[in-house]
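> Dropping the sequence and predicted coords here.
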Amino acid sequence: MKYVNEYRDAELVHGVIAEIRRTVTRPWTLMEICGGQTHAIVRHGIDQLLPPEIELVHGPGCPVCVTPLELIDKALAIAASPSVIFCSYGDMLRVPGSGRDLFSIKAQGGDVRVVYSPLDAVKLAQQNPDKQVVFFAIGFETTAPPNVMSILQAQRLGLTDYSVLISHVRVPPAIKAILSSPQNRVQGFLLAGHVSAVMGYWEYPPLVDEFKIPMVVTGFEPLDIVQGILKTVQLLEAGKVEVANAYSRAVSFEGNQPAQKTIKQVFQECDRKWRGIGMIPMSGWGLRPEFDAFNAEKRFNVEAIQSEESPLCIAGQILQGMKKPHHCPAFGKSCTPENPLGATMVSSEGACAAYYRYGRIELNQQVEQV
Amino acid sequence: MCLAVPGKIVEIYELGGLKMARVDFGGIFRETCLEYVPEAQVGEYCVIHVGFAISLLDEKDAMESLELLRQISDLEEELGTEVAS
């Protein structure tokens, strides 16, 4: 497959890693913001191939992981209604709310469906005029253009029984929150390639100027990731603070203009709570008032639901790069993908699930022996 | 969640007022919305996320950066600094 195979060439990957080894002279801590990259790094063992000076910490870029508990509880309340067809991306079904998940609602007779595209949810609304179709619109900037298109398409088709439950988050405010923390130890960022395909990287120069750390737009294949790490290390070693692009075949500085325009037409910036982290000001997107008719929280009167997080799970610290999954006493014991305590163990992009799946369980035992 | 895969546009058409395409993912074909890459042509590759093309791939750029990485890799062979593993 073109644009895939050539970026999985092991020889080239090893060549770039050797160059990283030649370039690095002292320890550096980098964060990959995107959970998809965390998964690729652990899956391909890139973290273990890097020289010991480079530490990768894993960021909060997993929308399933950061969707706040109370929003999951709202989804559960809506999905349990007999008049509703509740549509979601597959990853959300097993994320625990306060006690239940969407799978158990489905098992109890709720009409919960996994969709590949938000346009599939619109199609369901067309086919089922006697039902309320609700789409769980979660995601970062990458998923915003598809999600908003479903709203515009429903409006165009005059579908009055289609609505969306929104949990949309944005990367730049999360980076700002991480860098503003007194416990921050991140010295360079790998920026999320597909978020940047949509948004470009014009939002980052002010952050680079404020916090004086380099950021590099990075793709998802093994060669893309080591290229992003090499570029970040080169900038760090040269003392340069700037934004660079190591994924230029898919990303431009301006990003996808039609997509950004459409997002702005439907969404406005708002405060958003991140699961495990808390409120980050203006870190989310919500519907503009003129699209209120599509707001599932208002339609189903679930705005008042509030929930408390389990104190056992340290996902919040993991999502901010302060701890790693194997530092959690529950990791691989009371918390497994079959029986998750937190969302980072559920999502395929969650750091805990990646560590568990790709055999980093022994790290846990090493910690215990120390 | 932000996973997106490259695919080749094999056919462009309109459906329900939206610009759509049949896209080839290495032998698997899926319907994709092209509203965000209106300039896309049949034969071009784009990055697809949840049924939407979000970016057109720049072939020239891809070739150039691969060439650069090959040069870095060749340098490694010449210097022979890779630790045997």
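Yep, it's here.

> correct me, but residue B:40 touches residue B:46?
Yes - applying CB atoms under 8 Å as the test, residue B:40 and residue B:46 come out as touching, 6.0 Å apart. Yep, even glycine has a C-beta here, placed from its N, CA and C like the rest.

> tally of neighbours for the residue in the stretch 51-200 of chain A that chain B sits nearest to?
Using CB to the nearest CB, the point where the stretch 51-200 of chain A gets nearest to chain B is residue A:117, with a distance of 2.8 Å. With neighbours defined by other CB atoms under 10 Å in any protein chain shown, the count for residue A:117 comes to 22.

> Grab the nearest non-local neighbour of it.
residue B:51 (2.8 Å; CB to CB, 6 or more residues apart in numbering or on different chains).

> Quick check: end-to-end length of stretch A:342-353?
10 Å (CA to CA, to the nearest Å).

> before we move on, back to that, looking at residue B:40 and residue B:46, which is more packed in?
residue B:46 (26 against 19).

> mind pulling up the phi and psi values for that one?
For residue B:46, the backbone dihedrals are phi -140, psi 160 (criterion: degrees, to the nearest 10).

> any residues in contact with both of residue B:40 and residue B:46?
The contact sets of residue B:40 and residue B:46 overlap at B:9, B:34, B:53, B:56 (CB atoms under 8 Å, 6 or more residues apart in numbering or on different chains).

> Which stretches in the stretch 151-300 of chain A count as helices?
Taking DSSP state H, counting those that start in this stretch to define them, one finds helices in the stretch 151-300 of chain A at A:171-180, A:193-199, A:205-211, A:222-237, A:257-266, A:296-299.

> in stretch B:43-53, what's buried?
Within stretch B:43-53, the residues that qualify as buried are B:45, B:46, B:47, B:48, B:49, B:50, B:51, B:52, B:53, counting by 16 or more other CB atoms under 10 Å in any protein chain shown.

> what's the closest residue to residue A:252 other than its chain neighbours in contact with, if anything?
Nearest in space to residue A:252, with sequence neighbours left out and distances taken as CB to CB, 6+ apart, is residue A:200 at 6.0 Å. Residue A:200 makes contacts with A:251, A:252, A:253, A:254, A:255, A:256, A:260, as judged by CB under 8 Å, 6+ apart.

> out of these, which one sits closest to chain B?
Lowest distance from chain B to the contacts of residue A:200 (CB to the nearest CB) belongs to residue A:256, with 5.6 Å.

> number of nearby residues for the closest one?
Using other CB under 10 Å as the criterion, residue A:256 is surrounded by 25 other residues.

> Who are the contact partners of it?
A:145, A:197, A:198, A:199, A:200, B:36, B:37, B:54, B:55.

> Could you measure from the fourth one over to residue B:48?
Taking CB to CB, to the nearest Å as the measure, residue A:199 and residue B:48 are separated by 17 Å.

> Kindly report the same for the third one.
Per CB to CB, residue A:198 is found 13 Å from residue B:48.

> hey, what's in contact with both of those two?
With contacts defined as CB under 8 Å, 6+ apart, the residues adjacent to both residue A:198 and residue B:48 are residue B:54.

> If you count neighbours, what's buried in the longest strand along chain B?
Of all the segments of type strand in chain B, defined by DSSP state E, the longest one is strand B:5-15. Across strand B:5-15, burial judged by 16+ other CB under 10 Å covers B:5, B:6, B:7, B:8, B:9.

> helix/strand/coil for residue A:71?
Here residue A:71 is helix, with the state taken from DSSP: H, G, I helix; E, B strand; the rest coil.

> Run a quick neighbour tally on the residue nearest to it when sequence neighbours are not counted.
Counting by CB to CB, 6+ apart, the nearest residue to residue A:71 once its immediate chain neighbours are dropped is residue A:167, at 5.0 Å. By other CB under 10 Å, the residues close to residue A:167 number 26.

> show me what contacts residue A:167?
Taking CB under 8 Å, 6+ apart as the contact definition, residue A:167 lies against A:63, A:67, A:68, A:71, A:136, A:137, A:138, A:139, A:272, A:284.

> same thing but at 10 Å, please
The contact partners of residue A:167, taken as CB atoms under 10 Å, 6 or more residues apart in numbering or on different chains, are A:63-64, A:66-68, A:71-72, A:74-75, A:92, A:136-139, A:272-275, A:284-286.

> picking that back up, export the buried residues of stretch B:43-53 to a markdown table and tack on distance to residue A:298, secondary structure and pLDDT?
Converted to a markdown table, the buried residues of stretch B:43-53 look like this (distance: CB to CB, whole Å; DSSP: H, G, I helix; E, B strand; the rest coil; pLDDT from 0 to 100):
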| residue | distance to residue A:298 | secondary structure | pLDDT |
| --- | --- | --- | --- |
| B:45 | 41 | strand | 97 |
| B:46 | 36 | strand | 97 |
| B:47 | 34 | strand | 97 |
| B:48 | 32 | strand | 97 |
| B:49 | 28 | strand | 97 |
| B:50 | 25 | coil | 96 |
| B:51 | 27 | coil | 97 |
| B:52 | 26 | strand | 98 |
| B:53 | 32 | strand | 98 |
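
> Briefly note if the lowest-mean-pLDDT helix or strand in chain B comes near chain A.
When the helices and strands of chain B are scored by mean pLDDT, DSSP states H and E, helix B:59-79 comes last with a mean of 84. Yes - judged by CB under 10 Å from any CB of the partner chain, helix B:59-79 comes into contact with chain A through B:59-66, B:68-77, B:79.

> Just the buried ones from the residues you listed?
B:61, B:62, B:65, B:66, B:69, B:72, B:73, B:76.
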